[in-house]
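Asker: quick one, fold the following:
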Amino acid sequence: MDSTPRLALPYLLPNQVQKRVTVNEGLHALDVMIDLSVQSLAVSVEPASPAAGHAYIQPASPSGAEWTASEETSIAAYSDGAWLVLVPPDGTRAWVEDESTLCVFTSSAWTPLPIGAVTQIGICTSASTANRLAVKSDAVLFSHDDVTPGSGDMRHAINRETPGNTGSVLLQTDHDGGAELGLIGTDDFEIKLSPDGSAWTTGLRLAAADGRISLPAGFADPAGVLGSLGLQYPLGTIADDDTGTADFGDFVYGSAILAIPNSLTSGPVAFFFARMATTPALTTMFSTGAAFTVQTGELTGTTGEDGKINFSATDEGRLTVENRRGYGVAYTLYAFTR
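Answerer: Numbering: from 1, shown residues only. Got it, this is the predicted structure:
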């Protein structure tokens with residue numbers, strides 16, 4: 001064996017003449033490889049006037065009198081008026097001057113290593129400027145700190161800049177968005193859904209100001225949901241300047257009445273406490289949507305205020321809905337009693 005197994009430094013042989021030549025070759029190689037620093041790994045043309053001590057990692061197909069025969073990824077170092085070409089073993093590290101990057105050599109390739117603050121991390125995939133942390137895995141675990149030890153808590157914080165920005169979790173199928181939940185351009189917490197990743201509908205909203213829940217898209221089956229909770233009185237479509245009436249019979253003395261239009265944009269949603277006996281009364285407890293009025297007595301279709309939905313309780317156990325919106329409106333009433 002005439003050289004070292006890792007850096008291929010030449011051994012001195014028995015009875016060798018001019019030993020200094022062999023020693024100097026080994027020192028030259030050591031000077032290059034220890035704390036290796038190269039000018040570039042992208043220069044493909046041999047410099048015409050290289051400085052002593054400069055070294056280059058050879059790219060594919062280098063050109064020049066000495067570089068043409070060099071292998072890709074090898075190291076060409078200039079000293080004493082000549083180029084010394086060295087083949088790096090796996091694990092060799094080099095500082096690349098023109099990129100201010102530390103690289104490591106493995107499997108016939110030079111790979112950049114992170115220094116200081118890490119700008120991108122890819123686990124089983126490649127990170128990018130848009131996704132600076134990218135992970136491909138069947139599962140990801142974030143656990144409380146039981147080593148330091150920590151407090152036992154575990155919080156995952158998503159911090160946005162302003163209320164107009166978004167802080168959310170986006171659920172995808174084959175990289176198309178299907179559901180998104182979080183603070184999406186507002187202070188309210190929302191859950192949005194999409195069938196195709198481009199058209200989005202807000203299904204649930206929790207108001208930041210007071211915590212109230214709203215369902216902007218409505219119920220898929222409001223009759224089924226509310227009908228399971230109370231007595232259902234569908235009035236059908238009430239033509240403009242006409243009325244719809246529900247007879248509450250035995251519940252005339254006190255009921256909570258919820259009035260919901262079949263289309264939430266066509267009329268108001270209102271929640272009343274109603275007494276439909278000798279002295280009728282109708283008290284609004286909650287409402288949203290279009291304007292309306294409440295009163296007692298008979299409504300005939302043009303009795304109440306024009307342009308609104310008018311509700312009235314009578315002393316005969318009936319609740320009447322008068323439509324003066326200018327178009328047909330379908331209503332369903334729900335009674336909740338003791």
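Asker: contacts, neighbours, all on C-alpha from now
Answerer: Noted.
Asker: domain ranges for the chain?
Answerer: Per automatic domain parsing, the structural domains of the chain span 19-110, 166-214, 222-336.
Asker: which of these sits most buried?
Answerer: Ranked by mean neighbour count, the domains of the chain are led by domain 222-336 with a mean of 19 (mean count of other C-alpha atoms under 10 Å).
Asker: list the residues that contact Asp145.
Answerer: Taking C-alpha atoms under 8 Å, 6 or more residues apart in numbering as the criterion, Asp145 is in contact with 151-154.
Asker: what helix or strand does it sit in?
Answerer: Secondary structure from DSSP states H and E places Asp145 outside every helix and strand.
Asker: with mean pLDDT added, can I get the domains of the chain in a markdown table?
Answerer: Output for the domains of the chain, formatted as a markdown table (pLDDT from 0 to 100):
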| stretch | mean pLDDT |
| --- | --- |
| domain 19-110 | 90 |
| domain 166-214 | 95 |
| domain 222-336 | 83 |
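Asker: do you know which of the ones you listed lies nearest Thr125?
Answerer: Of all the domains of the chain, domain 166-214 sits nearest to Thr125, with 14.8 Å by C-alpha to C-alpha.
Asker: okay, how far is it across that closest one, tip to tip?
Answerer: Chord length of domain 166-214, first to last residue, is 20 Å (C-alpha to C-alpha, to the nearest Å).
Asker: stretch 32-39 now?
Answerer: End residues of stretch 32-39 are separated by 12 Å (C-alpha to C-alpha).
Asker: so how far is it off the chain centroid?
Answerer: In this view, stretch 32-39 has its centroid 43 Å away from the chain centroid, taken as C-alpha atoms, centre = their mean, to the nearest Å.
Asker: same check on stretch 278-294?
Answerer: Distance of stretch 278-294 from its chain centroid, counting by C-alpha atoms, centre = their mean, is 43 Å.
Asker: pull it out as PDB, backbone CA atoms only.
Answerer: What follows is stretch 278-294, C-alpha atoms only, in PDB (Å, rounded to 0.1, in the frame of the first residue of the first chain):
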ATOM      1  CA  THR A 278    -108.000  36.600  25.900                       C
ATOM      2  CA  THR A 279    -105.200  39.200  26.100                       C
ATOM      3  CA  PRO A 280    -102.800  38.300  23.300                       C
ATOM      4  CA  ALA A 281     -99.200  39.400  23.400                       C
ATOM      5  CA  LEU A 282     -96.100  38.900  21.200                       C
ATOM      6  CA  THR A 283     -92.700  39.800  22.500                       C
ATOM      7  CA  THR A 284     -89.500  39.600  20.400                       C
ATOM      8  CA  MET A 285     -86.600  37.900  22.200                       C
ATOM      9  CA  PHE A 286     -84.200  37.600  19.200                       C
ATOM     10  CA  SER A 287     -84.300  38.500  15.500                       C
ATOM     11  CA  THR A 288     -82.000  38.800  12.500                       C
ATOM     12  CA  GLY A 289     -82.400  39.700   8.900                       C
ATOM     13  CA  ALA A 290     -85.000  41.900   7.200                       C
ATOM     14  CA  ALA A 291     -87.200  44.400   9.000                       C
ATOM     15  CA  PHE A 292     -90.500  43.200  10.500                       C
ATOM     16  CA  THR A 293     -93.300  44.400  12.900                       C
ATOM     17  CA  VAL A 294     -95.100  42.600  15.800                       C
END
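Asker: which residues sit against stretch 80-88?
Answerer: 7, 29, 52, 66, 70, 73-78, 105.
Asker: for the stretch 1-150 of the chain, what spans make up the helices?
Answerer: Assigned helices in the stretch 1-150 of the chain, in chain order: 19-33 (criterion: DSSP state H, counting those that start in this stretch).
Asker: with the stretch 201-338 of the chain instead?
Answerer: With DSSP H, counting those that start in this stretch as the criterion, the stretch 201-338 of the chain has helices spanning 222-227.
Asker: who touches the closest residue to Ala65 other than its chain neighbours in this structure?
Answerer: Excluding its sequence neighbours, the residue lying closest to Ala65 (C-alpha to C-alpha, 6 or more residues apart in numbering) is Glu46, at 7.6 Å. Counting by C-alpha under 8 Å, 6+ apart, Glu46 touches 62-67.
Asker: which of the residues you listed fall within strands?
Answerer: Among the contacts of Glu46, none falls in strands (DSSP state E).
Asker: and of those, the nearest to Leu181?
Answerer: Distances from Leu181 to these, taken by C-alpha to C-alpha, are shortest for Pro62, at 53.3 Å.
Asker: excluding chain neighbours, what is closest to that closest one?
Answerer: Ser44 (4.6 Å).
Asker: wait, the one you found touches Ile57, no?
Answerer: No: counting by C-alpha atoms under 8 Å, Ile57 is not a contact partner of Ser44; they are 9.2 Å apart.
Asker: intersection of neighbour lists for the two?
Answerer: Between them, Ser44 and Ile57 share no contacting residue, judged by C-alpha under 8 Å, 6+ apart.
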